[in-house]
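Asker: Let me see the structure of the following:
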Amino acid sequence: GWASSPVKLFWTSRVRRMSASLVSTALSLRARISLLGQRQLSALSIATRGTPSSASSIALPRVRGVSGFAPQPLAPTRPGLRFKSGQVGGGHDQHEAGKLAAAAQASFASGDYNSALGQYEQALAIFKTLGNESGIASMLTAIGQSHSRKGNFDMALQQLEQALVIQKSIGEPARQDMALTLNSMGQALDCKGEYDKAIALFEQALEINKVALGPSNPAVAVTLNSLGQAYDSKGDVAKALELYEQVLAINKAAFGDKHPAVAATLNCIGQAMHSKGEYVKSLHLYDQALEIQKAALPAQHPSIAVTLNNMGQALFASGEYERALALFEQDLAISKSVLGDSHPSVATTLNCMGQVYDSNGEHDKALPLFEQALAIKKSVFGESHLSVATTLNCIGQALVNKGNYDEALEKYEKAVAINKSHLGERHPSIAATLTAMGQTFAIVGDYDQALTLYQRALGIQKESLGAEHPALASTHSLIAQSLDRKEEYDSALQSYEHALAIHRSHGNVLAEAAALDAMGQVHLHKGSKAATDLALPLLEQSLALSQPRLGDSHPVVADTLNAMAKVHQRRGDHDKALPLLEQVLGVFTVVLGEGHPLVAATLNSLGKAHQHKGDHARALSLFEKDLALTKAAFGAQHLSVGVTLSCIGQAHAALQHLPEAIAAYDEALAILGEGLSERHPFVIRLLENMRQAHLQAGNKDRATEIATKLLTLISRQ
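Answerer: A predicted model of the protein is given here:
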């Protein structure tokens, strides 16, 4: 039936992953990549894109709003160069080094990090010839920053450490340069997931800048911003917000309320609110930032594109796909105009657009966008760059959604290999892809393999992020989902309770709502009257948290209403269930479009409700609409098609259309037998329905043959 169908449950559960803050989103199939995968995608794009995203990233890459008007921690306008008059000797050589450094800075700003490296290294050679230690250290810092942008964090740290040694030997004259180098080292460690080490370096840089420049200098604000992002990455959003508020106060005092540096800080605060699931608040902050930027900057400035992207992501998380897509398209137009068609920031925006289409069920529109993004990244960064792994994860997700599971796993495995080569075996990005692989196995019913992958991911996350990081809540939830499918309900509830405790500790109300919803659904799946009675209060608590924040027409709210309808169906009160299901269908149709798979899933639920009321003709009509939509979305051989055919077979059987029932069952078995284990519970139930239909049709030999097969399969379980 509907409640126990692994594929249909997959589609209805996907609704709870439409928001970054919900239980399954951060590492869900649509999320594709981890927090740090997203961080790398953003941090390695361009200076105007700022630094990477926060711990509770949504399904889209989140781009920091550092505008370039305050000094920037990873890629300032003049990376690492602090030459003073008379500091460099050598006449012509000095002039040549300066020209090379200026050319390198231009290459860096345009995203051409390979050219920048070559030019910085030529300048470094000249400074070494001149014996100018300050110039050597500055070039080493710039080279380190360039390696960071290429994702070569270990190489970056080697160069930065050499610069730091020289700066320490120079002493007091190089103190501010030392702060810049420490900040750059912290950025590299932050992207590697070594947050505590990064924080320690940011604090050293902060202390140097406070002593040298005073506590209210904009350079202090830059380091405070880096520190806030590191805490955000650790999952400590409250600490991050505290630091961002200090940054905001400094920037307002230094530049005034309407300066682009203030807009950049408002973007950061907005993203921290986004991490908490406070999308309305984040949009309000982005609106303020955009108003400042439009007044102070050219209409085609990259910082405006950044803010449009952030707004698009908040709208995406709120389920407003069309508005989100419109903003991403504006972002894309600006990025192409200013930076060119092949800039990494263009790839970032293409990824965003692809993920919107993918989440809206338009996988064939998503894949070409991901492929375009992949081509840009390979061209700019090479085949093995971290941001290439990010897009491979996106492509893997889209392939999963299309039902191409083997091909998706190949993409995920390539992503893991790339991340391991740069980040080692125990990085959160590895864990994120492992969870995506686990979900792929879960979809086809291999829950044991899924659980193995989830547990590996959880071990990495505990080691690298700590036991209370929000990412662990997502993995606990995925573990719970597979335990739920295995009918290990008490263990599933324990895992959801772990997730719920983490979400509550971080004040993420929408994530709490999702966990409560999931726990209610587990009680539903247990099937007993007592468990069903426990489900409704949990679902009502979930609705009370999500509905005021998301509105009546959000898919997440609709999903909870759908679960409440199941409670009423289980109690036999189909008259209460049907209006809720009609409401759900209306939301999904308007928000997602008439052809979306969740519309098909809701038609299936409505069919089941009418079936339970004894209106099998109406049920059959709804199942047939479901079938048409599902085939259009996934193709005729997708597992969801097999599930719907099984429902159609049941409706025909109830109407005594036995030849039609048998034909539908046969077609369902041909599809499901290819994609699921022959011992999968759904396959077993389908065979039992087939046996009964043949028996009623007088096909005793065939019924006996199926019964024998069933006994054999059950004995092996």
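Asker: make it CA atoms for all contacts and neighbour counts henceforth
Answerer: Fine.
Asker: quick one: low-confidence ranges for this structure?
Answerer: Scanning the chain with the threshold set as pLDDT under 70 gives 1-92, 717.
Asker: Now G593, what are its backbone angles?
Answerer: Per-residue torsions, G593: phi 100, psi 150 (degrees, to the nearest 10).
Asker: if I pick A104, what's in contact with it?
Answerer: S115, A116, L117, G118, Q119, Y120 (CA atoms under 8 Å, 6 or more residues apart in numbering).
Asker: cutoff 7 Å now
Answerer: For A104, the residues meeting the contact criterion (CA atoms under 7 Å, 6 or more residues apart in numbering) are S115, A116, Q119, Y120.
Asker: and the third one, what element?
Answerer: This points to Q119. Per DSSP states H and E: Q119 is located in helix 113-130.
Asker: tell me which strands and helices that helix is in contact with?
Answerer: Contacts of helix 113-130 with other secondary structure elements, assessed using 3 or more CA pairs under 7 Å, 6 or more residues apart in numbering; DSSP states H and E, are made with helix 92-109, helix 133-149.
Asker: three-state assignment of G698?
Answerer: Reducing the assignment to helix, strand or coil with DSSP: H, G, I helix; E, B strand; the rest coil, the entry for G698 is coil.
Asker: From here on, call the first residue 52.
Answerer: Noted, 52 is the first residue going forward, which turns the last one into G749.
Asker: Count the neighbours of it for me.
Answerer: Using other CA atoms under 10 Å, the number of residues around G749 comes to 11.
Asker: what separates it from L709, distance-wise?
Answerer: In this structure, G749 and L709 are 10 Å apart, going by CA to CA, to the nearest Å.
Asker: mind putting the helices and strands packed on helix 164-181 in CSV, distance to E380 included?
Answerer: Output for these, formatted as CSV (distance: least, CA to CA, whole Å):
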stretch, distance to E380
helix 143-160, 23
helix 184-200, 25
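Asker: and among those, the most buried is which?
Answerer: Sort the helices and strands packed on helix 164-181 by mean neighbour count, taking mean count of other CA atoms under 10 Å, and helix 184-200 sits at the top with a mean of 28.
Asker: Measure how the next helix or strand after that one sits relative to helix 184-200, angle-wise.
Answerer: As assigned by DSSP H and E, the chain's next helix or strand after helix 184-200 is helix 204-221. For helix 204-221 against helix 184-200, the angle by axes from the mean of the first three to the mean of the last three CA atoms, to 10 degrees is 160 degrees.
Asker: Tell me the helix or strand right after helix 204-221.
Answerer: Following helix 204-221 toward the C-terminus (DSSP H and E): helix 226-243.
Asker: elements contacting that next one?
Answerer: On a contact count with 3+ CA pairs under 7 Å, 6+ apart, helix 226-243 meets helix 86-94, helix 184-200, helix 204-221, helix 246-264.
Asker: List the buried residues of the longest one.
Answerer: Neighbour-count burial for helix 246-264, counted by 16 or more other CA atoms under 10 Å, picks out 246-247, 249-250, 252-260.
Asker: now it against helix 226-243, angle please.
Answerer: Between the axes of helix 246-264 and helix 226-243, defined by the same axes, to 10 degrees, the angle is 160 degrees.
Asker: how far does helix 246-264 sit from the chain's center?
Answerer: Taking the mean C-alpha point of helix 246-264 and that of its whole chain, the gap between them comes to 30 Å (CA atoms, centre = their mean, to the nearest Å).
Asker: which other helices and strands contact it?
Answerer: With contacts defined as 3+ CA pairs under 7 Å, 6+ apart, the packing partners of helix 246-264 are helix 226-243, helix 269-285.
Asker: what about N165, neighbour count?
Answerer: Count around N165 with other CA under 10 Å applied: 17.
Asker: no, scratch that, I was asking about S410
Answerer: As a burial measure, the neighbour count of S410 was computed by other CA under 10 Å and equals 27.
Asker: what do you get for V451?
Answerer: Here the neighbour count serves as a burial measure; for V451 (other CA under 10 Å) it reads 23.
Asker: nearest residue to it other than its sequence neighbours?
Answerer: On the basis of CA to CA, 6 or more residues apart in numbering, the spatially nearest residue to V451 that is not a chain neighbour turns out to be A459, at 5.8 Å.
Asker: tell me the contacts of that neighbour?
Answerer: Under the criterion of CA under 7 Å, 6+ apart, the contact partners of A459 comprise G447, Q448, L450, V451.
Asker: Where neighbours are concerned, which of those residues has the most?
Answerer: Neighbour counts for the contacts of A459 (other CA under 10 Å) peak at Q448, which has 33 neighbours.
Asker: wouldn't K303 be in contact with V313 here?
Answerer: Yes - taking contacts as CA atoms under 7 Å, K303 lies within contact range of V313: 6.3 Å.
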